[in-house]
Each structure stands twice: as structure tokens, then as C-alpha cells.
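Enquirer: sharing a sequence plus its predicted fold:
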Amino acid sequence: MRIRSIVQFIAVALSFPAALAAQSGNSTISGLITDTSGAPMPGVSVMVRNTDTGVAYDAVTNDEGLYRVGALVPGNYRVEGVLDGFEPSVRAVTLAVSQTLAIDLTLDIARQTEVVTVEATRPLVDSQSSNIAQTVTREMLTALPLPNRAASSLVALAPGVVMIDAGTGTAENYPVFSVAGGRARNQNFILDGGNASNAVGLTRPQQLTTLPVDAMQEFKVITNNYSAEFGHSTGGVIVMSTRSGSNDFRGTLFESFRNDALDATNVFAASKPPINLNQFGATLGGPIRRGKTFFFGSWERTRQLTSETVLSTVPTLRNRVGDFSDLRTNTGVPVVVYDPVTHQPFESNMVPADRIDPVARAALQYYPLPNRAGTAANANNYVGNSDSTLDRDILVGRVDHQLRMADLLTVRYYINNSATNVTGSYGNAVADPLADSTDVRVQSLTGAHTHIFTPTLVNELRVTYLRRKFIDQRPGLRGNLAATIGLRGVTAQAFPAFTIPGYASLSSATVSRVQTPILDRQALESLSWSKGRHAFKFGGEFRGGANDEIRDRGSSGSLTLPVTPAASNNAR
């Protein structure tokens, strides 16, 4: 089956002051500057400087004494107000992702050369937005343990979030959760202002890019009341921001390791299932040109081996030659097998050799032999370990450049190359229903340009290109395995699927799924304008998505026995 979906979406939003939020992950600092009597002060020069990079933005208070500086990346800032005849006033603040902070300053009449610096001593309240949200800061990301080093798994810290699956061991490393009672996998993910969710037109939005903890600056979980610029989902919005470089070179090396040395053996297992997890990598950030151009890069590799003990019911040695004299119910009562042609019991519960189909006889050889006693009904008579391996590389690179005081450029690239393989527990992967392998690549490129026309008029343009490959297939693909057991009239793709009630299955009807490419292209344009006590935001969005998919379900044959052998008596 081939599916292709192309959807284009254009949205235009107008936001007013009570609901205004920073565009797509960027943040805003605004405030009121007064004198000691509380009177507003127009004409005050305001400088907002990022203390990590040295990049500065200028503004001037209007007739109402108000100022506003937008298009700010999350980080530490120094806000300074200066006016001739008054002492400068300074406040140091930490700005979170997609946050609008009100930083008010008070200027005193100049008496001597001094600067009044106010350090924030309590958390600042986001009084400029009606969003109900929880911010996970950089400090929280570095301090809290993360078994899979997926920063977005900390969404569980936000009120109203229910974690379903932390995503450990998966190729994409995605946590699965619901927000405020919404559907799972139904959140809109935004990374550095650009889309990080599935292509539009598919059944539901879901995360496509997951950041290692060392590459994420912080993120915000918006559960309700989000403004018009956020959309595409009723199940919450996740706004993420990558780390950027600074005026100082900084780097890290890390290694995380776990094995099964201290694990206990499963009571049903003949041996201890192996577990090995290695996660290692590095980060480096710094200036390319001090005060102007900065870079940051991170690399993380994951090598993981996990195993689970699987109990199965397989045909006994007698069953394989047509002898069902050992067939019992769970209470140990013999089960009579009837001839589907004569509707009479087979003598001694034995099916004659010439009545056994040669295809069935050949397929039975792909079952593993029983290796444990099982129950009175010979159930759970085989135990084996199914190994799952994961090999994944995630690279993130970002460059920020200030062309001039009024222009800022940002480019960020993300790639996730990963592969998984599940062996199954039979010892022969081609016939094991659990056996499977995937090949995944996710790439995301975002470019952004911010231009400050005036301190009260700011324009932002963002373009994002997202490309994904997902290939899922069974072992032995295109090996013509059906021909080896004499089955004709089916494709040569995989081993046929057999479903026999009372026994474990052979193979799976899901042969393969090939999605490549999955594309999502997005362009965002927004204009922020402040006038007096009011702030307005105008914006437009274009999204074009495509999904090329080929799915094979059962082309190699899917055979199901509808009743148990004993139930054939019902046909009389």
C-alpha cells in the first residue's frame, strides 16, 4: 500500500497584550520605568545585554514610561536603564524559553557616580501571559537523573502531565505522555521556534526530534490557554530551545554505563538476560567572533542491549508427528481430536502421517523444541531470551550571529541516525513473531532572522525543513522463505505467518513498512509592535507536508486455524 499526503496550511494570528507571548520559543523583556515618586519616565535608554554572549539590544521608553525588547533567546540578562540626571538602575534576570517578563526599574536623582544593581532574590512572575505552563530550566536538566538522557522526559514535572512511556530503548528516544487529559502523542512540539512534530495531514501530531540533555537549554510545557500563535494540537504545546555558544569556550565529555552484574535471574529463565547500556558523547561551544558570532555542538552515541524472558507454548515432539495423546486441558482432562472429514475421533488421538499437510509439516520445524516441563496442558513449555539492540547517534549544531545591533541570524541542524534489532526468543529470527529491525533517520534544519526596525517594531522570519526516514522490516526479507516450506501463491518477501490457537505464533503478518521521505516544510513570519500601553503581534505560517509510504501486511501469507483441534467436534 502506498500513501502520499500533501497538505498546506496557512495561519494568521493577531495577539493583544493580555495574551501576548514570545514567538516560537523566543522570549521578551518589557517593563515600566518610574522615578522615586512613581511617575513614568519617557525617553529612558534601556539596554538588555545577554551576559553569556555579550549581545545587546537597545530600547527607549515611550510616553508611558514603557519599554519592550523581543526576540531574545533564553539565558541570563542584564537590564540597565540610563537617563541624564538620574542614577543608572540595573537588574540581573534569567529569562526562560517562550517567556515574557515584566522587569520594572526605578531611577533616583543623581547624587554621585554610582550604579544601583538589583539582583533577583525570588522567582520572577510571568505576569504578561495567560498561559498555564511549567518551565524546565537548565539547572533542572543537569541536576535530575535521566535514565535515557532524553531531556523531554522531564515533562512529567509539569502539572497535568501523565507519563505513559519514558521512551527508553527506542530508536527515536521519544517519551509518550498526555497533557491535561488530552490524547497521548497529541502534542505540538516546537524546537528553536520551528516545527518538531510529525508532518501535517497525518493522523495526529507527535514528536520527531528529541534532544539529549546536554544539547537542550530548557523547555516549557504549556498545558492550557496558549495564545493564537500556538496551534496544531489540543493536547498541549512543548516549546524547546537548544543551547547556544558564549564568549567563553566550554565543553564536556560524558559516559554513562549500566550492565546486568547486580541483576537477579528471572525465576522462569534458564540464564540471566543480558543488559548493557553505553551512552557517551561530548559538547563544545564558544565564540567564532567574540561578541558577534557563537557556535555550539553536541554529539551523543547510545549502544544498548536489553533482553526479556519470553514464555511460549510450542508443539511437543509427539505433536510434531501427529500424536496428540498428550493434549490436555488446564485441569489435566484429555482433549479428544476429531477428524474434520468423518467427524469421528482419531484413533488414540493420533493423526495419520498421510493426513498431515506437507507445508504444515515443514513449518513445524521452525518451532523451537520444548525446553521445560510446562503446565498440565503442556502450556509454557518453552522459555527463551529475546535480545533487543539499539545503536543511535544524535548530533546537534547551532550558530548564532549578530550582523549588527538590529539583526540576528540563527541556524540550527539536528540529525538522529538510529537502528534497532530484536532477535526474538526462538533462536531462528525469520520465524519468530517478535523478531524485527528498524532503520531510522531524522533531520531538522531551522534558520531564523530577527530584524529590529525600531525598539517598538520587531520582525521575525523562521524557516524549518524536517525530513524523516523510517524502515521497519522482518528478518529474512526477500529470501523466498515461503518456497522453502512448499507454500505457493504468495510473495517471496518473508516467512509466512501461522496462527494456531493454543500455541505460539510463527512469524508475523506485518512484513515491512517503508516511510521515506516524510517531509515537513514550514515558514513563519511575525511582526511585534508596541504602542503606548498596548502590544500587538501579527503573524503568518505556511506548512507543507508529505509522507511516502509502502506497507506490506501479509503478502507472504497469513494462515490462521480458526478453532482448536478439540473444537472440531462442534462441526458434527
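Expert: Received, thanks. Numbers count the residues shown, from 1 in each chain.
Enquirer: state the distance from residue 104 to residue 87.
Expert: For residue 104, the distance to residue 87 equals 16 Å [CB to CB, to the nearest Å]. C-beta coordinates here come from the backbone N, C-alpha and C atoms, glycine included.
Enquirer: got any ranges where this protein has weak pLDDT?
Expert: Along the chain, segments meeting pLDDT under 70 span 1-25, 112-132, 147, 167-173, 199-205, 268-270, 563-572.
Enquirer: from residue 38, how far off is the spatially most central residue of it?
Expert: In the chain, the C-alpha closest to the average C-alpha coordinate belongs to residue 174, at a distance of 3.2 Å (CA atoms, centre = their mean). To residue 38, residue 174 is 51 Å away according to CB to CB.
Enquirer: ranges for the helices of this structure?
Expert: Ranges of helices in the chain, per DSSP state H, are 138-143, 317-320, 358-364, 481-484.
Enquirer: who wins for proximity to residue 559 among the ones you listed?
Expert: For residue 559, the closest of the helices of the chain is helix 358-364, at 8.7 Å, according to CB to CB.
Enquirer: and that closest one, how far from the chain's centre?
Expert: Between the centre of helix 358-364 and the centre of its chain there are 43 Å (CA atoms, centre = their mean, to the nearest Å).
Enquirer: touching, residue 220 and residue 100? I think so.
Expert: No: using CB atoms under 8 Å, residue 220 makes no contact with residue 100, being 11.8 Å away.
Enquirer: between the two, tell me which one has more neighbours.
Expert: Comparing residue 220 with residue 100 by neighbour count (other CB atoms under 10 Å), the higher total belongs to residue 220, at 26 against 23.
Enquirer: so how far is residue 377 from the residue lying farthest from the centre of the chain?
Expert: The centre of the chain is farthest from one residue, residue 347, which by CA atoms, centre = their mean lies 58.9 Å away. The gap separating residue 347 from residue 377 is 22 Å, by CB to CB.
Enquirer: same check, this time on residue 43
Expert: Distance from residue 43 to residue 377, by CB to CB: 89 Å.
Enquirer: more crowded one of these two?
Expert: residue 377 (18 against 12).
Enquirer: that one and residue 333 touch, don't they?
Expert: No: between residue 377 and residue 333 no contact is recorded; they are 9.3 Å apart, counting by CB under 8 Å.
Enquirer: distance between the ends of stretch 362-373?
Expert: The first and final residues of stretch 362-373 sit 25 Å from each other (CA to CA, to the nearest Å).
Enquirer: got the buried residues for that stretch?
Expert: 363, 364, 366, 367, 368, 370 (16 or more other CB atoms under 10 Å).
Enquirer: ok, so of those residues, who is nearest residue 490?
Expert: For those, the residue nearest residue 490 by CB to CB is residue 363; the value is 12.8 Å.
Enquirer: nearest residue to that closest one in space, please, no chain neighbours.
Expert: residue 485 (5.2 Å; CB to CB, 6 or more residues apart in numbering).
Enquirer: and if you look at residue 195?
Expert: Nearest non-adjacent residue to residue 195 (CB to CB, 6+ apart): residue 522, at 4.6 Å.
Enquirer: quick one: the one you found from residue 448, how far?
Expert: Relative to residue 448, and taking CB to CB, residue 522 is found at 12 Å.
Enquirer: what does residue 375 give?
Expert: Residue 375 is 63 Å from residue 448, by CB to CB.
Enquirer: compare those two (neighbour count), which wins?
Expert: Remark: of residue 375 and residue 448, residue 448 carries more neighbours, 25 against 12, as counted by other CB under 10 Å.
Enquirer: doesn't residue 401 make contact with the more buried one?
Expert: No: between residue 448 and residue 401 there is no contact under CB under 8 Å: 10.9 Å.
Enquirer: now for those two: what residues contact both?
Expert: 408, 409, 410 (CB atoms under 8 Å, 6 or more residues apart in numbering).
Enquirer: what sits against the second one?
Expert: It refers to residue 409. Contacts of residue 409 by CB under 8 Å, 6+ apart are 400, 401, 402, 403, 447, 448, 449.
Enquirer: that one pairs with what?
Expert: Beta-bridge pairing for residue 409 (DSSP bridges): residue 401, residue 449.
Enquirer: now it: how far from residue 540?
Expert: Here residue 409 is placed at a distance of 21 Å from residue 540 (CB to CB).
Enquirer: can you check the first one too?
Expert: With the distance defined as CB to CB, residue 408 ends up 20 Å from residue 540.
Enquirer: which residue of these two possesses the greater neighbour count?
Expert: Between residue 408 and residue 540, counting by other CB under 10 Å, residue 408 is the more crowded of the two (22 against 13).
Enquirer: what sits against the more buried one?
Expert: 55, 71, 400, 401, 402, 448, 449, 450 are the contacts of residue 408 under CB under 8 Å, 6+ apart.
Enquirer: relative to residue 506, which of those is nearest.
Expert: residue 448 (52.9 Å).
Enquirer: how many other residues sit next to residue 533?
Expert: 12.
Enquirer: that one contacts residue 67, correct?
Expert: No: using CB under 8 Å, residue 533 is not in contact with residue 67; the gap is 12.0 Å.
Enquirer: how close does residue 186 get to residue 134?
Expert: 18 Å.
Enquirer: now residue 517, nearest residue through space, not along the chain?
Expert: Residue 517 sits nearest to residue 467 (CB to CB, 6+ apart), 5.3 Å away.
Enquirer: what sits against the residue nearest to residue 423 when sequence neighbours are not counted?
Expert: If the residues on either side of it in the chain are set aside, residue 423 comes closest to residue 387, at 4.6 Å by CB to CB, 6+ apart. Taking CB under 8 Å, 6+ apart, we find residue 387 in contact with 274, 305, 306, 307, 422, 423.
Enquirer: filter these down to the buried ones.
Expert: 305, 306, 307, 422, 423.
Enquirer: which residues does the last one contact?
Expert: For residue 423, the contacting residues are 386, 387, 388, 429, 432, 435, taking CB under 8 Å, 6+ apart as the criterion.
Enquirer: quick check: the fourth one touching residue 435?
Expert: Right, residue 429. Yes: using CB under 8 Å, residue 429 is in contact with residue 435, at 3.9 Å.
Enquirer: shared neighbours, the two?
Expert: By CB under 8 Å, 6+ apart, residue 429 and residue 435 have these common neighbours: 423, 475.
Enquirer: what is the burial count for residue 354?
Expert: For residue 354, the neighbour count with other CB under 10 Å is 6.
Enquirer: check the gap between it and residue 155 for me.
Expert: 63 Å.
Enquirer: now swap in residue 331 and tell me
Expert: 49 Å.
Enquirer: compare the two (neighbour count), which wins?
Expert: Using other CB under 10 Å as the criterion, residue 331 and residue 155 rank with residue 155 on top: 21 against 7.
Enquirer: mind checking how far the more buried one is from residue 426?
Expert: 38 Å.
Enquirer: kindly report the same for residue 378.
Expert: 17 Å.
Enquirer: these two: which is more packed in?
Expert: Neighbours per residue (other CB under 10 Å) separate residue 378 from residue 426, with residue 426 holding more: 23 against 20.
Enquirer: ok, that one - contacts?
Expert: So residue 426 contacts 312, 366, 367, 368, 384, 432, 435 (CB under 8 Å, 6+ apart).
Enquirer: just name the closest of those to residue 297, please.
Expert: residue 435 (36.8 Å).
Enquirer: number of nearby residues for the closest one?
Expert: Neighbour number of residue 435 under other CB under 10 Å is 22.
Enquirer: would you confirm that residue 252 contacts residue 283?
Expert: Yes: shown here, residue 252 and residue 283 form a contact pair, counting by CB under 8 Å, at 4.8 Å.
Enquirer: residues near residue 404, how many?
Expert: 9.
Enquirer: with the one 10 residues further on instead?
Expert: As a burial measure, residue 414 scores 25 neighbours (other CB under 10 Å).
Enquirer: quickly list what it is bridged to.
Expert: residue 396, residue 444.
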